[in-house]
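*Asks:* 3D, please:
(chains A, B, C and D)
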2 protein chains.
Amino acid sequence: MVKVGRPPQDPARQLERAHRILDAAAELIERWGYDKTTIDDVARRAGVAKGTIYLHWKTRDELFAALLRRERAHMLEEVRERAPATLRDLVGELAAELVRRPLMQAVLLGDSEVLGKLTRRKRRGESGLDLGAAFEEYLGELRELGAVRADRTPPEQFAVLGAVIYGFLHTRDIMPEAMRTPDDRLVELIAETAGLALGTGTTPSGPASRAIGRATAGYLDTMVEIARHKLATSLGS
Amino acid sequence: MVKVGRPPQDPARQLERAHRILDAAAELIERWGYDKTTIDDVARRAGVAKGTIYLHWKTRDELFAALLRRERAHMLEEVRERAPATLRDLVGELAAELVRRPLMQAVLLGDSEVLGKLTRRKRRGESGLDLGAAFEEYLGELRELGAVRADRTPPEQFAVLGAVIYGFLHTRDIMPEAMRTPDDRLVELIAETAGLALGTGTTPSGPASRAIGRATAGYLDTMVEIARHKLATSLGS
DNA sequence: AAATGACCACATAGTCTCATTTGGTCAAAT
DNA sequence: ATTTGACCAAATGAGACTATGTGGTCATTT
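*Replies:* Sure, this is the predicted structure:
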């Protein structure tokens, strides 16, 4: 009884290859934009044949969806690792990640230079809605803990936060590079503005403070979990 | 000695005609956008011949520049009339005017649907810079009066304000109409956010309060003056 | 002098054709 | 069982030419 055919591959190697392909895609997209990045380019850069890419994803769009999901998952994981304990800090960490992640920024701002034809498709498709729902829930908790103003509904709070983050990031990349606020200062301004706009301005008591930290950690756990799950789906596991 | 030729026209009638032309242009631009609005359309709607328009402005672009300047002057006059006495109220009145003026909003947001090819030209050409300079001066005064936080430079304050206004207005017209915050509530949110983000949170004393009112009125006077002057230039006087 | 609208140069939109590129498949190689 | 790259249909782009529409002018009219 002799063995025939090639033995099955190590799934870990396959995953590693998927990530290598995504790395290649990320570099190319950041440099040339979605429209001008071809599957052949990606394959060449990743050191695999074109067909191999189609072993992982059925279409070009799915490849890029996976890329964006991975980016989001990494971003959220990074934020969670920094363990922000308040809304203000959470926003700060989020902003800090955003300014160093061109892809996430492009998605947030709907930058057609980078996203090309898929500019308007992914926007409210997923990030918008369930990210919004979970966040509003989190805001509700904070409100009961007296950590955010009670004179606005959670959807309004969410709108405020969205406007602040969106506004700062967009004006940033409209500005002539010369007179641009340095990134780290910008992040501070975003965090502080969000804190002032949403917070109550009072210092919470010890127990309340711990509860706030727990709520924030919980929110991040949820988000990371969702992001990871969606990523896993996109990597075909 | 007999009179020859046609008697000179009443300058007041000419001005009235210029405004009629601008009215026509405004309606058409708001409806069809800059690119799709032709001089012929404007002439027909205003009830004058095409050549007449060129008696007022040398090029199409100058006509539209005049239109935008008139709009801005009207907006600022309106705001001044409401006599806001604090930064918060100033922002509120400004926002209220913006949400009801599609053209100003288009300029602020760089809406290419409306502005077409001239999207990126007028932006930092004038509104951006000298509006910015005068505003930063005003912020400096408020700061010395203890009405705004001293932990940020005026350019930073300006950036914050820009981001807030920009962010709210942009997210507003991205949103599906259904789940949009009502305009009046949105204006409140903008004003309040700006107040919280820039203000010191303290209630100023009587004299300080009056000084703040005076500074605000002074700023508006300056802006109205500049706007009127530029408008006058654009109407060929 | 003031106003007009026929007129022109020119940019843009449309159409057709031909050459190249690209997403996706699959028989062959390992 | 995996991986590959030659292969194909379909999309995209380049080129050449025409039709249309538009900003701006100016001889003519009032």
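
*Asks:* In terms of helices and strands, where is the spatially most central residue of chain A?
*Replies:* Central residue of chain A (C-alpha atoms, centre = their mean): A:R72, 3.0 Å from the mean position. A:R72 is part of helix A:60-81, with elements assigned from DSSP states H and E.

*Asks:* for that helix, which positions count as buried?
*Replies:* For helix A:60-81, burial by neighbour count (16 or more other C-beta atoms under 10 Å in any protein chain shown) applies to A:60, A:63-76, A:78-80. C-betas here are computed from N, CA, C, even on glycine.

*Asks:* pLDDT at the residue lying closest to A:D41 once chain neighbours are set aside, what is it?
*Replies:* Once flanking residues are discounted, A:D41 sits nearest to A:L28: 5.5 Å by C-beta to C-beta, 6 or more residues apart in numbering or on different chains. Predicted confidence (pLDDT) for A:L28: 92.

*Asks:* Surely A:L28 touches A:R45?
*Replies:* Yes: because the distance of 6.3 Å satisfies C-beta atoms under 8 Å, A:L28 is recorded as touching A:R45.

*Asks:* quick one: which of those two has more around it?
*Replies:* Taking neighbours as other C-beta atoms under 10 Å in any protein chain shown, A:L28 and A:R45 compare with A:L28 leading, 19 against 16.

*Asks:* Next, the contact list for that one, please.
*Replies:* Shown in contact with A:L28 (C-beta atoms under 8 Å, 6 or more residues apart in numbering or on different chains): A:T37, A:D41, A:V42, A:R45.

*Asks:* Now with 10 Å, please.
*Replies:* A:L28 makes contact with A:Y34, A:K36, A:T37, A:T38, A:D41, A:V42, A:R44, A:R45, A:A46, according to C-beta atoms under 10 Å, 6 or more residues apart in numbering or on different chains.

*Asks:* Hmm, A:W32 and the fourth one touching each other?
*Replies:* Read that as A:T38. Yes: counting by C-beta atoms under 10 Å, A:W32 is a contact partner of A:T38 at 9.3 Å.

*Asks:* In terms of secondary structure, what does the helix or strand bottoming out on mean pLDDT in chain A contact?
*Replies:* Least confident helix or strand, chain A: helix A:112-115 with a mean of 78, by mean pLDDT, DSSP states H and E. The contact analysis (3 or more C-beta pairs under 10 Å, 6 or more residues apart in numbering or on different chains; DSSP states H and E) places helix A:112-115 against helix A:11-32, helix A:102-109.

*Asks:* Any stretches of chain A with poor pLDDT?
*Replies:* Where chain A drops to pLDDT under 70, the residues are A:1-11, A:118-131, A:236-237.

*Asks:* Which residue is it, in it, that comes closest to chain B?
*Replies:* A:G167 (2.4 Å; C-beta to the nearest C-beta).

*Asks:* For that residue, which non-adjacent residue is spatially closest?
*Replies:* Nearest residue to A:G167, sequence neighbours excluded (C-beta to C-beta, 6+ apart): B:G167, at 2.4 Å.

*Asks:* The one you found sits in which helix or strand?
*Replies:* Counting by DSSP H and E, B:G167 is found in helix B:154-174.

*Asks:* tell me which parts of chain A are close to DNA strand C?
*Replies:* Selection of chain A residues close to DNA strand C by C-beta under 7 Å from any atom of the strand yields A:G5, A:R6, A:T38, A:I39, A:D40, A:K50, A:G51, A:Y54, A:K58, A:T59, A:R60.

*Asks:* 6 Å - rerun?
*Replies:* With C-beta under 6 Å from any atom of the strand as the criterion, chain A meets DNA strand C at residues A:R6, A:T38, A:I39, A:D40, A:K50, A:G51, A:Y54, A:T59, A:R60.

*Asks:* Downstream of whatever helix or strand A:V42 lives in, the next helix or strand is which one?
*Replies:* A:V42 is located in helix A:39-46, with elements delineated by DSSP H and E. Sequence-wise, the next helix or strand downstream of helix A:39-46 (DSSP H and E) is helix A:50-56.

*Asks:* sorry, back to before: which residue, other than its chain neighbours, is closest to the residue nearest to the centre of chain A?
*Replies:* Counting by C-beta to C-beta, 6+ apart, A:A227 is the residue found nearest to A:R72 once chain neighbours are left out, at 5.2 Å.

*Asks:* give the contact list for the one you found.
*Replies:* A:A227 neighbours (C-beta under 10 Å, 6+ apart): A:R69, A:R70, A:E71, A:R72, A:A73, A:H74, A:M75, A:L76, A:E77, A:S127, A:L131.

*Asks:* thinking again about what came up before, so what secondary structure elements neighbour the helix holding B:G167?
*Replies:* Judged by 3+ C-beta pairs under 10 Å, 6+ apart, the packing partners of helix B:154-174 are helix A:154-174, helix A:183-198, helix B:87-99, helix B:102-109, helix B:128-144, helix B:183-198.

*Asks:* gap between stretch A:216-226 and the chain center?
*Replies:* 13 Å (C-alpha atoms, centre = their mean, to the nearest Å).
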